[in-house]
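> Have a look; sequence and predicted model below, questions after that.
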Amino acid sequence: MTKSELILRLAALNPHLYQRDVERIVSTIFDEITAALAEGHRVELRGFGAFSVKRRDARIGRNPRTGTAVEVAEKYVPFFKTGKQLRDRLNGGVDTPEDDDDDDV
Amino acid sequence: MTEETVTRAQLSEAVYQEVGLSRNESAQLVETVLKEVADALADGEMVKISSFGSFSVRKKGERIGRNPKTGEEVPIMPRQVLVFRPSHVLKNRINEGMQALETRETGE
């Protein structure tokens, strides 16, 4: 499913809304998540999952083809952790244990 | 990283501000969007949101794990996991934002 297919499904479920508004609704949601992450905030959507930002320290990497050492600058990466409800759904509704001791979302 | 956490409430508020539907309907639409994405994934479908990222389901085979506390070996059943791959646009936005934040903090 692509973003435009998601918009079409949502429009079909809400025939009273203009397609233009449905597009704005979907964009606003993902833009809002993006903006929060860009501020270093965490986005927690219970049952679905949580987005967070992790810092990766600067390191010396290697060009795998030539073996030359290259400096890789410090960077931030987005991280998604699946919520318990969705994780269980992906496994046929069976209660699935977690990989770590993090709080469940 | 700052402690602030964004939840459905803030997403609904943003939809309310941006689109001008009622607060109640805005909240319902946020819920529907999450449900549609979750339904597609539960059906094994990949979900690709341009300039945000893609969610896909990966099958994992059975393996032997270990209880980190007791060291006891336990079989980990085959299962399906969700993988999120952020788009370059999202990664760039985050790095630009975090660098701006660092500059602001050190500049004070």
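Sure thing, it's come through.
> does the strand or helix carrying A:L8 come close to chain B?
Assessed by DSSP states H and E, A:L8 sits inside helix A:3-13. Yes. Judged by C-beta under 8 Å from any C-beta of the partner chain, helix A:3-13 comes into contact with chain B at A:3, A:6, A:9-10, A:13. (Each C-beta comes from the backbone N, C-alpha and C, glycine too.)
> Arrange the residues you listed in TSV, one row each, with distance to A:I33, pLDDT and neighbour count as further columns.
Formatted as TSV, the entries for the residues of helix A:3-13 next to chain B read as follows, by distance: C-beta to C-beta, whole Å; pLDDT from 0 to 100; neighbours: other C-beta atoms under 10 Å in any protein chain shown:
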residue	distance to A:I33	pLDDT	neighbour count
A:K3	13	97	17
A:L6	14	98	21
A:R9	19	97	18
A:L10	17	97	20
A:L13	21	96	13
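> List the contacts of the residue of chain A found nearest chain B.
Closest residue of chain A to chain B, C-beta to the nearest C-beta: A:A38 (2.9 Å). A:A38 makes contact with B:93-94, B:96-98, according to C-beta atoms under 8 Å, 6 or more residues apart in numbering or on different chains.
> So which of those residues belong to helices?
Counting by DSSP state H, those place B:93-94, B:96-98 in helices.
> Most neighbours of all the residues you listed, which one?
For those, the largest number of neighbours (other C-beta atoms under 10 Å in any protein chain shown) sits with B:I94, at 22 neighbours.
> hang on, the earlier thing: also near chain A: which of the ones in helices among the contacts of A:A38, exactly?
With respect to chain A, and counting by C-beta under 8 Å from any C-beta, the subset of the ones in helices among the contacts of A:A38 in contact is B:93-94, B:96-98.
> All set, thanks.
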